[in-house]
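In: Attaching a predicted model along with its sequence, questions to come.
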Amino acid sequence: MRFEVSCKLSSSLLPVEYRRGFASLIKEAIRRANPSVFERYYHALHILKPFTFSVYFPDLRGCGGDSFEVGERAIIHFSTSAPELGVSVYNGLLALRSYPLFENTLTLERINLERRVVVREQTAIFKTMAPVLVNNKGDANWYLLPGEAGFDEGLQFAISEAARVFLGSVGASVAFHPIQIKPKVIRHYNMHMRGFVGVFELRGDPALLNLIYDIGLGVRRSQGFGMLELVKQRPISQQIAGQGDSHE
């Protein structure tokens, strides 16, 4: 389930750590619409959540110190593999209508449901809608980039945990092949985190690729990271014949 939320801001300024404000908005929407769903995912720390989101500012003008000059519009993209949770966020946002966001106020203008897209092939190309974060399972505060030692292990651990919790699948993994990516440093909860943005290819079981498309890739997905857009998909045999392993 995916939808797009168009919002108006009372002020053009937001702190560079704006993601935690939007995460709080989604959390409050769930709490208001469905307390049992809220309890399921927020009764304790470190519970994996089957959703991701990203925020786009159409009139973004740049950064000045600790603040972004974002303009007066914000578009929230939300995605989940759990219909009940998605309906809770949708209904909760409609009930809230407006929400205090730091020194700002966000007012909901409209919500548009998006057409369901299903990954049916074993190879798919994705583009990031929000930076992807991958950490070392032995050090949650150290973030890794593709090509660095430990990146593949950290990425596969995040994927396998999500597959175990949401698909009941043990030992699931995908092959990651960067196409055009670049690093991006994000400030979040008073930390500077290294993530990456761009285009990459994933190969794996279609059920797992669909889960990644629905809930995002990497860690801190429910805090506004890892959301993906599907660029295209194709059979693995066609990929091998036409492109080989040129992304490795």
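Out: Yep, it's here.
In: residue ranges with poor pLDDT in this structure?
Out: Where the chain drops to pLDDT under 70, the residues are 138, 236-248.
In: Got the domain ranges for it?
Out: What the record gives for the chain is the domain set 2-113, 123-243, from automatic domain parsing.
In: Burial check on the residue lying closest to residue 21 once chain neighbours are set aside, number of neighbours?
Out: In this structure, residue 21 finds its nearest non-sequential neighbour in residue 101, 4.7 Å apart by CB to CB, 6 or more residues apart in numbering. In short, each C-beta sits where N, CA and C put it, glycine included. The number of residues packed near residue 101 is 21, by other CB atoms under 10 Å.
In: With residue 122 instead?
Out: 20.
In: quick one, what contacts it?
Out: Residues near residue 122 by CB atoms under 8 Å, 6 or more residues apart in numbering: 203-206, 209, 235-236.
In: which one of the residues you listed is nearest residue 87?
Out: The nearest member of the contacts of residue 122 to residue 87, counting by CB to CB, is residue 209 at 23.9 Å.
In: If you tally nearby residues, what's the number for the closest one?
Out: 24.
In: By residue count, what's the longest helix in this structure?
Out: helix 151-167 (DSSP state H).
In: Tabulate the CA atom coordinates of the following helix or strand past that helix in PDB.
Out: For helix 151-167, the succeeding helix or strand toward the C-terminus, using DSSP states H and E, is strand 175-188. These are the backbone C-alpha positions of strand 175-188, laid out as PDB (Å, rounded to 0.1, in the frame of the first residue of the first chain):
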ATOM      1  CA  ALA A 175      22.400  -9.600  -4.700                       C
ATOM      2  CA  PHE A 176      23.100  -5.800  -4.700                       C
ATOM      3  CA  HIS A 177      24.700  -4.200  -7.800                       C
ATOM      4  CA  PRO A 178      25.200  -0.400  -7.800                       C
ATOM      5  CA  ILE A 179      24.500   1.300 -11.100                       C
ATOM      6  CA  GLN A 180      24.800   5.000 -10.300                       C
ATOM      7  CA  ILE A 181      25.100   5.900  -6.600                       C
ATOM      8  CA  LYS A 182      26.700   8.600  -4.500                       C
ATOM      9  CA  PRO A 183      27.200   9.000  -0.800                       C
ATOM     10  CA  LYS A 184      25.100  11.400   1.300                       C
ATOM     11  CA  VAL A 185      25.600  12.600   4.800                       C
ATOM     12  CA  ILE A 186      22.500  13.100   6.900                       C
ATOM     13  CA  ARG A 187      22.100  14.600  10.300                       C
ATOM     14  CA  HIS A 188      19.600  12.700  12.400                       C
END
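In: Can you show me the helices along the protein?
Out: With DSSP H applied, the chain shows helices at 19-33, 35-42, 83-96, 151-167, 206-215, 236-243, listed in chain order.
In: Just say which of the ones you listed is most tucked in.
Out: Highest mean neighbour count of the helices of the chain: helix 206-215, a mean of 21 (counted as mean count of other CB atoms under 10 Å).
In: elements contacting it?
Out: On a contact count with 3 or more CB pairs under 8 Å, 6 or more residues apart in numbering; DSSP states H and E, helix 206-215 meets strand 73-80, strand 123-128, helix 151-167, strand 228-234.
In: Next, count neighbours for residue 56.
Out: Count around residue 56 with other CB under 10 Å applied: 14.
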